[in-house]
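[1] Return a 3D structure for these sequence lines:
(chains A and B)
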Number of protein chains: 2
Amino acid sequence: MIRALFTAPETRWDAYSRALPPAFDALGLRVDLSRDHAPGTVDYLIYAPGGPVSDFTPFLRAKAVLCLWAGVESIVTNATLTQPLTRMVDPGLTQGMVEYVVGHTLRTHLGMDRHLFGQDGVWRDYIPPLSSERPVTLLGLGALGSACAAALATLGFPVTGWSRNPKSIPGIRTLQGAPGLRQALTGAQIVITLLPLTRDTANILNADTLSLPAPGAALINPGRGSLIDDAALLAALDSGQIGQATLDVFRTEPLPADHPFWAHPQVTVTPHIAADTRPSTASLVIAENIRRGEAGEPLLNLVDRRLGY
Amino acid sequence: MIRALFTAPETRWDAYSRALPPAFDALGLRVDLSRDHAPGTVDYLIYAPGGPVSDFTPFLRAKAVLCLWAGVESIVTNATLTQPLTRMVDPGLTQGMVEYVVGHTLRTHLGMDRHLFGQDGVWRDYIPPLSSERPVTLLGLGALGSACAAALATLGFPVTGWSRNPKSIPGIRTLQGAPGLRQALTGAQIVITLLPLTRDTANILNADTLSLPAPGAALINPGRGSLIDDAALLAALDSGQIGQATLDVFRTEPLPADHPFWAHPQVTVTPHIAADTRPSTASLVIAENIRRGEAGEPLLNLVDRRLGY
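    This is a model prediction of the structure:
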């Protein structure tokens, strides 16, 4: 019998205590799933930040910490964590992200807000350009960024994707490294940030880089709040260099009610909804990694502690 | 020299007088394009409703009336029109329609409005279902409907398409005829109307058929205003049977400022922007039909006067 400790915020237990057992059964795994195993007896930790475990030292025989979240920056710096760490690449999460990114890209592209906020009897004739005339740049070409880039290209947007290392995606112009970043941002009309948060990506959008997109460009950030220098963004919005920002992630969440983003007429705050892990699909990934761990096969989505993701 | 009379509202001349000549040149056609040819000398009419011509009798040698619009219901009933009539199937128009339909379907699906209108400092945690859990029904599977159905299916929505005659589209459940209509609407969470307006389709959404979708379903109408019984829609919105309506077309346009649609909190009015013909791409279609007319080949998008489209 494999002992799996579920250690995530209380609110997650209900959904996962229902979704995980059938996922284990489907792979023929006999797993004792509990929130109360003694640390020294645990084979795997099914983990999310904000739960009861912050010291991983007593989990002497644990073969892996399986994180339920895609972003692991809050755990990767935990010095007590010596076990292999995996992050979540949930097909449901990826699909939800594609829907959010494509939806808000089209909202921005079509100028929807002028109609939604203009239900006053005035017939405002405004024909947007076609998607083929609206260059979109995606920062980050991981599982999420690549899926979003492909979906936007299918809809006819000219998509440029930027990542640290060279990537090749059919139909996407890909750039990399520091000079590539400036080239990717220059002239973009919609910029979407889907990078992991690392030392290198913190504040990657700042006063300097925010000056590169086309005047009045829109920004969509469903990645991590700290990718953007908040003060620089507010200044760029006030100058008109950035015309609109849709922000789903923030340095502090929930975003405090007195944060200037809430009141800014060109900012739309959404409450960290773009990348929600879905228990039904995430449980299949957790089960597969336990199967791999038991079979001595390489784990899926293993975090490189040096890179931070 | 081929004589083409441009007869459309004044405001269209500027764009088409620039877009048509290069399209003619590309096909090697020598065309004298003017708004002032004597009727008896005209070979082709390039036409849109609302222009100077309403009596087609004097155009004795005209080989065709080439309409710039996709919807021809206002001209097809004109008894003086004896010449062949073509309607516009503009690839730019189709692309614009796909963007509008996918954009507003995602806006509805993601519950965007609750965030757009809720920028008040309150963190409203709402995770929408995935697209795979949101059945969408499209009424109409012509050039526009088929393209929208395919784009929505690519994004993961389970799409049902209904049309008068049987159609087959990969990945789409297709239904037809009167019993098929009830089946197509039953349980739908988003209903999109992209039918031509004919005797058979006028008021196709009425008190009876609006009762079939899932309670609280959303309606998106970028087709024709008269497809919907306005009073029945308002009643369905007030009862909650229909939760939201996004309407781009109306019986009277511009929609009068005192029409109840403007003030209804569950209705979004957009000003007939979904299906705008783009001069650059439409001109290529006009030129190709003139080439065909001169070569004695069948015209593209010939209107069947009996069916009305």
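
[2] from here on, contacts and neighbour counts on C-alpha atoms
    Will do.

[3] Now do the contacts for A:L175.
    Counting by CA atoms under 8 Å, 6 or more residues apart in numbering or on different chains, A:L175 touches A:T160, A:G161, A:W162, A:S163, A:P166, A:K167, A:L181, A:Q183, A:A184.

[4] out of these, which are buried?
    Applying a neighbour-count criterion of 16 or more other CA atoms under 10 Å in any protein chain shown, the buried members of the contacts of A:L175 are A:T160, A:G161, A:W162, A:S163, A:K167, A:L181, A:Q183, A:A184.

[5] rewinding a little: in helices, which of the contacts of A:L175 fall?
    Mapping the contacts of A:L175 onto helices (DSSP state H) picks out A:L181, A:Q183, A:A184.

[6] For the nearest residue to the first one once chain neighbours are set aside, report the pLDDT, please.
    Right, the one you point to is A:L181. Using CA to CA, 6 or more residues apart in numbering or on different chains and skipping residues adjacent in sequence, the residue nearest A:L181 is A:W162, 6.5 Å away. Among the per-residue scores, A:W162 shows a pLDDT of 98.

[7] coming back round to it: nearest to chain B, of the ones in helices among the contacts of A:L175?
    Each of the ones in helices among the contacts of A:L175 was scored against chain B by CA to the nearest CA, and A:A184 proved nearest at 24.0 Å.

[8] That closest one is in contact with A:V159, isn't it?
    No: with contacts counted by CA atoms under 8 Å, A:A184 stays clear of A:V159, the gap being 9.6 Å.

[9] which neighbours do these two share?
    Applying CA under 8 Å, 6+ apart, one finds that A:A184 and A:V159 are jointly contacted by A:T137.

[10] Quickly check the contacts of A:L175 for the two that are furthest apart.
    Greatest spatial distance among the contacts of A:L175 (CA to CA): A:K167 and A:Q183, at 15.6 Å.

[11] hang on, the earlier thing: beta partners of the residue nearest to A:L181?
    Beta-bridge pairing of A:W162 under DSSP bridges involves A:L139, A:L175.

[12] Relative to A:D304, how far out is it?
    When distances are taken as CA to CA, to the nearest Å, A:W162 and A:D304 turn out to be 20 Å apart.

[13] so how far is the helix or strand of chain A with the lowest mean pLDDT off the chain centroid?
    Counting by mean pLDDT, DSSP states H and E, the weakest-scoring helix or strand in chain A turns out to be helix A:73-76, with a mean of 86. Per CA atoms, centre = their mean, to the nearest Å, the displacement of helix A:73-76 from the mean C-alpha position of its chain is 14 Å.

[14] distance of A:L81 from A:V285?
    Separation of A:L81 from A:V285 (CA to CA) stands at 21 Å.

[15] So these two - more neighbours on which side?
    With other CA atoms under 10 Å in any protein chain shown as the criterion, A:L81 and A:V285 differ in neighbour count, and A:V285 comes out ahead with 22 against 17.

[16] OK, contacts around the residue of chain A positioned farthest from its centre?
    Relative to the centre of chain A, and counting by CA atoms, centre = their mean, the farthest-placed residue is A:G121 at 39.3 Å. Counting by CA under 8 Å, 6+ apart, A:G121 touches B:L255, B:P256, B:A257, B:D258, B:W262.

[17] These in helices, which ones?
    B:W262.

[18] So how do I select the buried members of the contacts of A:G121 in PyMOL?
    This is the PyMOL syntax for the buried subset of the contacts of A:G121, where burial follows 16+ other CA under 10 Å:
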select buried, chain B and resi 255+262
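
[19] nearest to chain A, of the contacts of A:G121?
    In terms of CA to the nearest CA, no member of those lies closer to chain A than B:A257, at 4.1 Å.

[20] these two touch, right, that closest one and A:Q119?
    No: judged on CA under 8 Å, B:A257 makes no contact with A:Q119 at a distance of 9.6 Å.

[21] ok, back up a step: pull the residues that contact whatever helix or strand comes next after the least confident helix or strand of chain A.
    Tracing the chain C-terminally past helix A:73-76 and defining elements by DSSP states H and E, one meets strand A:85-86 next. Contacts with strand A:85-86, where a contact means CA under 8 Å, 6+ apart, come from A:A64, A:V65, A:L66, A:C67, A:L299, A:L300, A:N301, A:L302, A:V303.

[22] Correct me if wrong: A:V65 contacts A:D43.
    No: in this structure A:V65 lies outside contact range of A:D43 using CA under 8 Å: 9.2 Å.

[23] quick one: contacts for the spatially most central residue of chain A?
    Nearest to the centroid of the C-alpha atoms of chain A, with distances taken as CA atoms, centre = their mean, sits A:G223, at 4.2 Å. Applying CA under 8 Å, 6+ apart to A:G223 gives the contacts A:T193, A:L194, A:L195, A:P196, A:D248, A:V249.

[24] Out of those residues, flag the one nearest to B:L60.
    Of all the contacts of A:G223, A:T193 has the smallest distance to B:L60: 61.1 Å, by CA to CA.

[25] ok, so of the contacts of A:L175, who is nearest B:G92?
    Comparing the contacts of A:L175 against B:G92 with CA to CA places A:T160 closest, at 22.4 Å.

[26] The closest one: what's it in contact with?
    By CA under 8 Å, 6+ apart, the contact list for A:T160 reads A:P135, A:V136, A:T137, A:L138, A:I172, A:R173, A:T174, A:L175, A:A184.

[27] swap in A:G243?
    Taking CA under 8 Å, 6+ apart, we find A:G243 in contact with A:P215, A:G216, A:A217, A:A218, A:L237, A:Q266.

[28] Would you mind putting those into JSON lines with distance to chain B alongside?
    As requested, the contacts of A:G243 are exported to JSON lines (distance: CA to the nearest CA, whole Å):
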{"residue": "A:P215", "distance to chain B": "23"}
{"residue": "A:G216", "distance to chain B": "19"}
{"residue": "A:A217", "distance to chain B": "19"}
{"residue": "A:A218", "distance to chain B": "15"}
{"residue": "A:L237", "distance to chain B": "17"}
{"residue": "A:Q266", "distance to chain B": "11"}
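
[29] Pick out the one among these with the largest number of neighbours.
    In these, the most neighbours by other CA under 10 Å go to A:A218, 25 neighbours.

[30] Looking only at the least confident helix or strand of chain A, what residues are buried by neighbour count?
    Within helix A:73-76, the residues scored as buried using 16+ other CA under 10 Å are A:E73, A:I75, A:V76.

[31] list the helices and strands that helix packs on?
    Counting contacts by 3 or more CA pairs under 8 Å, 6 or more residues apart in numbering or on different chains; DSSP states H and E, helix A:73-76 is packed against no other helix or strand.

[32] Sort out for me which of the contacts of A:G121 are in strands.
    Secondary structure from DSSP state E places none of those in strands.

[33] Just give the closest residue to the residue of the stretch 201-309 of chain A found nearest chain B, not the sequence neighbours.
    In the stretch 201-309 of chain A, the residue found nearest to chain B is A:A257; the distance is 4.1 Å by CA to the nearest CA. Nearest residue to A:A257 in three dimensions, chain neighbours excluded: B:G121, at 4.1 Å (CA to CA, 6+ apart).

[34] Tell me the residues of the stretch 151-300 of chain A that contact chain B?
    Residues of the stretch 151-300 of chain A lying close to chain B by CA under 8 Å from any CA of the partner chain are A:151, A:155, A:254-258, A:262-263, A:268-273, A:276.
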